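In: Got a predicted structure here, sequence first:
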Amino acid sequence: MPSPWPRRTFLHATGGGALALGLGGALAHPAGASEVPASAGTFAAAPAATSDAESDAEFDALRAKWRDLILGTGFSPTAEPFRTILSALGTTAAGYLATMAPASGSLWPGRSWADPEPDLDAESYAFSATMNDSYNRLRTMAEAYSQPGTGLTGDTGLRDAVLTGLDHLCSEVYNERTTRYGNWYNWQIGAPQALMDTCVLMYDHLSATQIAAYCRAVDAFVPDTVFASYTGTSTGANRVDLCRGVVLRGIVGKDPAKITLASQALAPVFPYVTSGDGFYDDGSFVQHRNVPYIGGYGAVLHDGVGRLLALLRGSSWEVTGPDTQLFLDTIEKAVAPFLYNGLMMDNVSSRGISRIGTDEHRRAHGLMATILLVGQGASPEENARWRAMVKGWLRRDYYYPALSNPGLSLIRASLLQSLQDDASVKAAPEPVEHRLFPNMARATHRRRGWAASFSMASNRIAHYEFGNGEHARGYHTGAGWLSWWGDDFGLEQYSDAYWPTVDPYRLPGITASRKPLADGEGGNWGQPMPDAAWVGGTTDGEFAAIGQHLKGLSSTLDARKSWFCLDDSVVCLGAGITAADGHAVETTVDNRALGAAGAPVLTVDGRPQPLTQGWQATFGGARWAHIAGQAGYVFPGGTTLGAVREERTGSWRDINTGGSPDPVTRRYLTLFTDHGVDPVDGTYAYVLLPGASAWTTARRAHDRSRLRILANSRTQQGIHVPRLGLTAVNFWSAGTVERLRASAPASVLVREHRNGTATLVVSDPARQAASLDIVWNRRVTKVLSRPATVTAASTGSSLTLAFGDLRGQAGAPQKVTVRLG
C-alpha cells in the first residue's frame, strides 16, 4: 500500500477539533449494583441500524479522533519544544529500528518473552513485561512514522518493520492460543493499548486478516467477563484502562457491541466510594484497596477518562449522565491539592517514586495537560479556573519546567504550550488552605511561600506498597513523613535521586525504630496496615490539628504523633514513644537533600557548625537550629539534637528491580532526636519554620508567649496560639486540657475571631465514637450554626456540644459557629 503521509495532514478533516471535542458527558452508576447494567441506562444505547457506509464513516471518524489524541494537533514541528520532542522521538525509533531482529521468542536481541517455565510467579513477570515492552516499542516506531519532524516521517523501512513486528508478536505470543503467564497487566492493559494504538496509526497498511487476528488476541485476553463485576483488578484506574483497550478494539475491528460494552463498563468508576478503590467524597483516591494513589493510578484514571470522553463525544456512543460533575469535581478536590508549583507530591505516588526516570515534576507534567483536556468539557467557570491554576504551576516550576521535558507526548506538550502562549489567561497563585483527606491518611497545608504534606498509615491505609520488585524500602513512608517545599526553593528536594540515596529510616518527620527491615518488608503486594484506628484530624480549612497513633511496621514501636498547622509554621509533638525491639528509636526532625555538592550552613543556637562531609554531633539542650536557605527549627524547652552531614551512595536497583545498578551519590544534612534503645514514654517537641531566616528562628526560640504547649502525653496533645486565637487538642482518650474537655477520643480545633464569633471543628478520627460531648469553658451566648451531627447544645458560662453517632462520618470535621459573650 502507498504511504498515507501525502494524503493525511496533521489536522484531519474530522480531527482538527479533536482537542476541542469537549467532555460534556459522563457515566451513570449502574443502579443498585456493581455489575455492568444490562440496559444502557444513561449511556447511549447501541447504535440504531445504519448502512455499512454510514457505520464505516463513524468508525473512521473515531479512529481519526484517537489518532489526534495520540499525536496531538495544532503545533509547528519546527518550533520548540516540539522540534526537540520530535527529534528525540525519531532518535529513539531509529535505535529500535536499527536493532530490531525478529527471532524465535523475541523482536530484539536479549529481550525474550519466551518464558521457559510460564506461570504467574514473579520470575514470569519479566517475560510478560518484555512482550508488553515490545508492543510499546512498535507504538513508538509507529508514532515516529506518523509524526512530522522525526527524520523518519513516512519512512517505508520503518513502516515495514512495524508491520513485521506486529505479525511476529501475534504469531508467536499474543494470540488466542497462548495461555497467559507473568503479570496480568501486560496481557490485559499494557499490550492491548499499545497494539490498538499502533493499529490506529498504521491502519491504512493493515489487511483485514491482520486486523481480525489482532482483535481476536485482544478478545482472548480481555474477554467480556472482565467487566462482569467491579472487583479485583477491574476497579478504578484499572477499569478505565481495560475500557480503553476494548473501546479501541471495537473501533479498529468495527465492532459496535464492543464499544457499547466498554463504554457502559466505565459507569462504576465515577460515583464516590466509601471503601476500597476509587474516589471518596473528601477527595481521597485509593487503589489496590488501601494505597493512596492520586499521583499514580489516579493520574492514569483522569487521563484515560479524559481521552475516552473526548473520543466518544458526538458519536453514537456518547456518554451522558448526572455523574459528570462528580468526575469533574475531583480535579479540585483530589488532584490539585497534591500539585504544588509544578510537582506532584510523592506521598500519593507509592511505587512510582522508586522508578528511575520519574520524579515529582515529571509525574506532574502529564497530569497538568490532562487537566486542560478534561477542562474542555467542564463549565466555562471551571475551565477558566483550571487553566489559570495550571498556568501558575507552569510559571513557578524553576527546577524542571514542564515544557522542557523531552519525554512529554506531543498532545500534552501542545496543550501546555497553547496555554503558555495564551495571554488572556493569568497565572493563579497557590491557594492558602489546609486540606485533610481522612480516607487515605494524608493532609496538605499551603501558605504563602511554602507547602507541606503529611503521610500516615492506619488500620485502613497501608504503611506502603511493595510489588513487582518496586518500592523495596518505602516501609516508613507512612510513619508520619512530613514533606515540604518552598515557593522558590526546595522544589528539587525529592526529585534529585532522593529515593535511591536517602536513609529510609530517617525520612523527614518520621518516628521509627532502627530495627533492620528486609527489602519489601511485609511481602509482595502485602500492603501491611497497622492496628491503629486514631489517624486523621480536624481543620477549619486554613489551620489544622493532625494526629497519628503510630505503630511500627514489623516493630513493637508505639507512639502518638501530632502536627498543628499554623500560618508560618508546623508544631510537631510526639509522646508515649515506646518500643522493645532492642534497637534505638529516632524521630527525624528533617533530612534535607543537598544534591551532589550542596553545603548550606547549619547553625545551632547561634553557632555555625562545620561543613565537612562525615561530620556529626550531638547538642544537649538545643533551643533552635537553622539550615541556610532552607528552614528554621525551634525546640521549646530545649532538646538533645543529633546532626549529621553525609554523602550517601545507592542505586535505583536497590529499591526497584527494574532500576539501574549504577551508583548514585548525594549529600544530606539530617537533624534528629534519639530516643534511645527500647524507650518508654519518650517525647519530642519542635516547630518547623519553612523558609525562615536564622534571625527569625532565634527570635521565635526566645518568644515564649507566642506558643504554649498545653499537653504532650500519650493521652492528649495540644497547643494554644494567642495571636491567632487558636486552641487545638488531639484527645487520644477522654480528658480535659485547659478549657477543653472531651468525653471520648477526638480532634478539636477552636478559633476565636475578632468579630466576636468563634469556630469549633471537631472530628472522630478513630471512627469509634457512638456519642461525644465537647465542653469549652468559655462564655458563649448563641450557637449560630451547627451540623446535623450535633444533637444538643447549651450556652452560657460554657459551651457544651453533644454529638450523636460519629462512626459514619469517616473522620470528617464537624463545624460549629458560635457568638462569644
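Out: Cool, the structure landed.

In: Pull out the buried residues from stretch 634-652.
Out: Neighbour counts over stretch 634-652 (16 or more other C-beta atoms under 10 Å) mark 634-636, 639, 641-645, 648, 650-652 as buried. All C-beta atoms are positioned from the backbone trio N, CA, C, and that covers glycine.

In: Now, the residues you listed that are in helices?
Out: residue 652 (DSSP state H).

In: So which of the buried residues of stretch 634-652 is the closest to residue 766?
Out: Residue 766 has its nearest neighbour among the buried residues of stretch 634-652 in residue 636, at 27.5 Å by C-beta to C-beta.

In: give me phi/psi at the closest residue to the closest one other than its chain neighbours?
Out: Leaving out its chain neighbours, the residue that sits closest to residue 636 by C-beta to C-beta, 6 or more residues apart in numbering is residue 685, at 5.2 Å. Main-chain dihedrals, residue 685, degrees, to the nearest 10: phi -150, psi 130.

In: Give me the neighbour count for residue 685.
Out: 22 (other C-beta atoms under 10 Å).

In: Enumerate the beta-bridge partners assigned to it.
Out: Using DSSP bridges, the bridge partners assigned to residue 685 are residue 573.

In: Residue 548 - how many residues pack around it?
Out: 29.

In: and it, how far is that from residue 535?
Out: 5 Å (C-beta to C-beta, to the nearest Å).

In: Overlap in contacts, the two.
Out: Common contact partners of residue 548 and residue 535 (C-beta atoms under 8 Å, 6 or more residues apart in numbering): 441, 456, 457, 458.

In: Out of these, the closest to residue 269 would be?
Out: Using C-beta to C-beta, residue 441 comes nearest to residue 269 of those, at 22.5 Å.

In: mind checking pLDDT for that closest one?
Out: What the model reports for residue 441 is a pLDDT of 98.

In: Who are the contact partners of it?
Out: By C-beta under 8 Å, 6+ apart, residue 441 lies in contact with 292, 455, 456, 457, 458, 460, 461, 478, 535, 536, 548.

In: picking up where we left off before, need the shared contacts of residue 548 and residue 535 in a markdown table (columns: secondary structure and distance to residue 431).
Out: Formatted as a markdown table, the shared contacts of residue 548 and residue 535 follow (DSSP: H, G, I helix; E, B strand; the rest coil; distance: C-beta to C-beta, whole Å):
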| residue | secondary structure | distance to residue 431 |
| --- | --- | --- |
| 441 | coil | 22 |
| 456 | strand | 23 |
| 457 | coil | 27 |
| 458 | coil | 27 |
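
In: Quick check: the residue positioned nearest the centre of the chain vs residue 340, distance?
Out: Centroid-nearest residue in the chain: residue 295, 2.0 Å away (criterion: C-alpha atoms, centre = their mean). Residue 295 sits at a distance of 12 Å from residue 340 (criterion: C-beta to C-beta).

In: Residue 786 and residue 804: what is the separation?
Out: Per C-beta to C-beta, residue 786 is found 12 Å from residue 804.

In: I meant to write residue 432 there.
Out: 33 Å.

In: and what of residue 411?
Out: 51 Å.

In: quick one: which of those two has more around it?
Out: Neighbour count, other C-beta under 10 Å: between residue 411 and residue 804, residue 411 has more, with 22 against 16.

In: so the more buried one sits in a strand?
Out: No - Residue 411 sits outside any strand when classified using DSSP: H, G, I helix; E, B strand; the rest coil, being helix.

In: quick one: pLDDT of it?
Out: Looking at residue 411, its pLDDT reads 93.

In: need the strands for the stretch 551-700 of the chain, in chain order.
Out: 558-565, 570-578, 584-593, 602-604, 607-608, 616-627, 631-650, 664-677, 682-690 (DSSP state E, counting those that start in this stretch).

In: can I get those strands in TSV with distance to residue 393?
Out: As requested, the strands of the stretch 551-700 of the chain are exported to TSV (distance: least, C-beta to C-beta, whole Å):
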stretch	distance to residue 393
strand 558-565	22
strand 570-578	23
strand 584-593	22
strand 602-604	31
strand 607-608	36
strand 616-627	26
strand 631-650	23
strand 664-677	26
strand 682-690	19
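
In: Which among those is found nearest to residue 59?
Out: Once these are compared by C-beta to C-beta, strand 664-677 is nearest, at 49.0 Å.

In: so residue 76 is in which element?
Out: Assigned by DSSP states H and E, residue 76 falls within no helix or strand.

In: Could you count how many residues lie near it?
Out: By other C-beta under 10 Å, 13 other residues sit near residue 76.

In: Show the pLDDT at the residue nearest to it when sequence neighbours are not counted.
Out: Spatial nearest neighbour of residue 76, excluding adjacent residues (C-beta to C-beta, 6+ apart): residue 82 at 6.5 Å. Per-residue pLDDT puts residue 82 at 95.

In: Run a quick neighbour tally on residue 82.
Out: By other C-beta under 10 Å, the residues close to residue 82 number 22.

In: try residue 274
Out: Residue 274 has 10 nearby residues by other C-beta under 10 Å.

In: In this structure it contacts residue 284, no?
Out: No - between residue 274 and residue 284 there is no contact under C-beta atoms under 8 Å: 10.7 Å.

In: Considering the contacts of residue 441, which is situated nearest to residue 668?
Out: residue 455 (19.1 Å).

In: Strands of the stretch 701-821 of the chain, residue ranges please.
Out: Here the stretch 701-821 of the chain has its strands, by DSSP E, counting those that start in this stretch, at 708-712, 716-721, 726-731, 735-737, 740-742, 746-752, 757-763, 772-776, 780-785, 790-794, 799-803, 814-820.

In: got CSV for these, with distance to residue 60 too?
Out: Output for these, formatted as CSV (distance: least, C-beta to C-beta, whole Å):
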stretch, distance to residue 60
strand 708-712, 69
strand 716-721, 65
strand 726-731, 61
strand 735-737, 70
strand 740-742, 66
strand 746-752, 58
strand 757-763, 55
strand 772-776, 62
strand 780-785, 58
strand 790-794, 60
strand 799-803, 61
strand 814-820, 55
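
In: shaky segments in the chain?
Out: 1-51, 53 (pLDDT under 70).

In: report the longest helix in it, please.
Out: Ranked by number of residues, the top helix in the chain under DSSP H is helix 122-146.

In: Can you list the helices and strands that the helix or strand following that one packs against?
Out: Counting by DSSP H and E, the next helix or strand C-terminal to helix 122-146 is helix 156-172. Where contact means 3 or more C-beta pairs under 8 Å, 6 or more residues apart in numbering; DSSP states H and E, helix 156-172 is packed against helix 82-99, strand 106-108, helix 122-146, helix 191-201, helix 208-221.
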